[in-house]
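> give me the fold of what follows.
(chains A and B)
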Amino acid sequence: MTAKAEMTRAGALEIVADVLERELVICNIGAPSQELCTIYDRPGNFYMLGSMGQAAAIGLGLALAQPRPVLAIEGDGAVLTSLGTLATIASNPAPNFTLLILDNASYGSTGNQPTHTAGRTDLAAVARACGCERVVECTGEGLAGALAAALRGGAMAVIICKIAPGNRKVPVIGMDPVEIRCRFMEEVRRSTD
Amino acid sequence: MQSRTILRDLEAAGIGFAASVPCKQLAGVIAGLATSPRIRHLPATREDEGMGLCAGAFLGGLRPVMVMQNTGLGVCVNVLATLIQFYRLPLPMLISYRGEVGEAVACQAEMAIHTKPLLAQLHVPTYHFHHPRDVAELPGILAHVFTISKPVAVLMDAGFWRGDQP
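Numbers count the residues shown, from 1 in each chain, chains lettered A, B, ... in the order given. Predicted coordinates:
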């Protein structure tokens, strides 16, 4: 990737919020969930409070279990903890599943320590090598178009969006986990009834 | 026979989704899952990923089951605690209990020693099938999991699998 990244995660999540319609969202632990909850809280958002690296797996399970489109939002650090999941989603492609990796080349929630994507590792190449057929690379500027096309394209897609490190000052999520999941499941049931 | 009974019980319990990491002892169950018309089966690359898949399937309205070997317990401790338990999700875990009497691979005993203490420390209700007839308890256990909405482990050792011909 040679594209210059200036937008931070919160800016990218504002774009995601603008693009979202009826998609169900599984959001990565820590700053990503806290920022999304502040920017655009809705019952169709499932905020992870633990389990780093599992958003893509949860999203795939959800996409296979019901018909509504699903967006899983991961970070580069989280994806690096669970690279095998890219092989699992490639080998079991759900047409209603999109994985968005916001790659700021750092562990944003723990003090912006650099990840290996700051060095030699290219997650788009990893996703392709795992067998993912639709892999789109963009920066914040191209995110709206890439995301809308992926969510409504009728095929499983992986988007790697290069952004700059940095967290917005937002509160931690005050909701109880059982409240998050019951609210989310009610939204899933409402839409599939 | 045990494998066929397990598969029948899973289908009868309304299980609609399975994730697995293989074990020789579970080969019959996994082969059955792969061809079940009622259960969507995904081979997972690791046990924690499998539990993530199961959590997602449950959020989407399917009853999940996790099929794994006890040596994989260590890699999913965090997911068990902070996803399955924290969000109070039901998850039956069918776990081959390697390293018990009858085990041919010495190293398997190393994790067998830690299996029950780990599950106890995690407050995971645990059942141990030691004889082929113990499979009769499975329907009750599966119903129990979805009543209490917790992860529940069923350990199945070499004695249980004796004579299994899927």
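> what's around A:Val19, how many residues?
The number of residues packed near A:Val19 is 18, by other Cβ atoms under 10 Å in any protein chain shown. Backbone N, C-alpha and C define where each C-beta goes, glycine included.
> got a list of what it touches?
A:Ala144, A:Leu147, A:Ala148, A:Leu151 (Cβ atoms under 8 Å, 6 or more residues apart in numbering or on different chains).
> what do you get if the cut-off is 10 Å, keeping everything else the same?
The contact partners of A:Val19, by Cβ atoms under 10 Å, 6 or more residues apart in numbering or on different chains, come to A:Leu71, A:Leu143, A:Ala144, A:Gly145, A:Ala146, A:Leu147, A:Ala148, A:Ala149, A:Ala150, A:Leu151, A:Arg152.
> just give the nearest non-adjacent residue to the fourth one, would you?
To tie it back to what came earlier, the one meant is A:Gly145. Nearest in space to A:Gly145, with sequence neighbours left out and distances taken as Cβ to Cβ, 6 or more residues apart in numbering or on different chains, is A:Cys138 at 7.9 Å.
> okay, and the beta partners of the one you found?
Residues in a beta bridge with A:Cys138, per DSSP bridges, are A:Cys161.
> near chain B at all, the host helix or strand of A:Val178?
Element membership of A:Val178, judged by DSSP states H and E, is helix A:177-192. Yes. Judged by Cβ under 10 Å from any Cβ of the partner chain, helix A:177-192 comes into contact with chain B through A:Pro177, A:Val178, A:Glu179, A:Ile180, A:Arg181, A:Cys182, A:Phe184, A:Met185, A:Glu187, A:Val188, A:Arg189, A:Thr192.
> got those residues as a markdown table, with pLDDT and neighbour count columns?
Listed next are these as a markdown table, based on pLDDT from 0 to 100; neighbours: other Cβ atoms under 10 Å in any protein chain shown:
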| residue | pLDDT | neighbour count |
| --- | --- | --- |
| A:Pro177 | 98 | 20 |
| A:Val178 | 98 | 13 |
| A:Glu179 | 98 | 11 |
| A:Ile180 | 98 | 21 |
| A:Arg181 | 98 | 21 |
| A:Cys182 | 98 | 14 |
| A:Phe184 | 98 | 22 |
| A:Met185 | 98 | 16 |
| A:Glu187 | 97 | 19 |
| A:Val188 | 97 | 21 |
| A:Arg189 | 94 | 12 |
| A:Thr192 | 60 | 12 |
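> now distance to B:Arg40 too, for those, in TSV please.
TSV is the format used below for the residues of helix A:177-192 next to chain B (distance: Cβ to Cβ, whole Å):
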residue	distance to B:Arg40
A:Pro177	25
A:Val178	26
A:Glu179	28
A:Ile180	25
A:Arg181	21
A:Cys182	24
A:Phe184	20
A:Met185	18
A:Glu187	22
A:Val188	16
A:Arg189	19
A:Thr192	16
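> so which residues of chain A form helices?
Assigned by DSSP state H, the helices in chain A fall at A:9-19, A:31-40, A:55-65, A:76-81, A:84-91, A:123-130, A:140-151, A:177-192.
> who touches the longest one?
Helix A:177-192 is touched from outside by A:22, A:24-26, A:33, A:37, A:41-50, A:62, A:65-68, A:70, A:173, A:175-176, B:55, B:58-61, B:82-83, B:85-89, B:149, with contacts defined as Cβ under 10 Å, 6+ apart.
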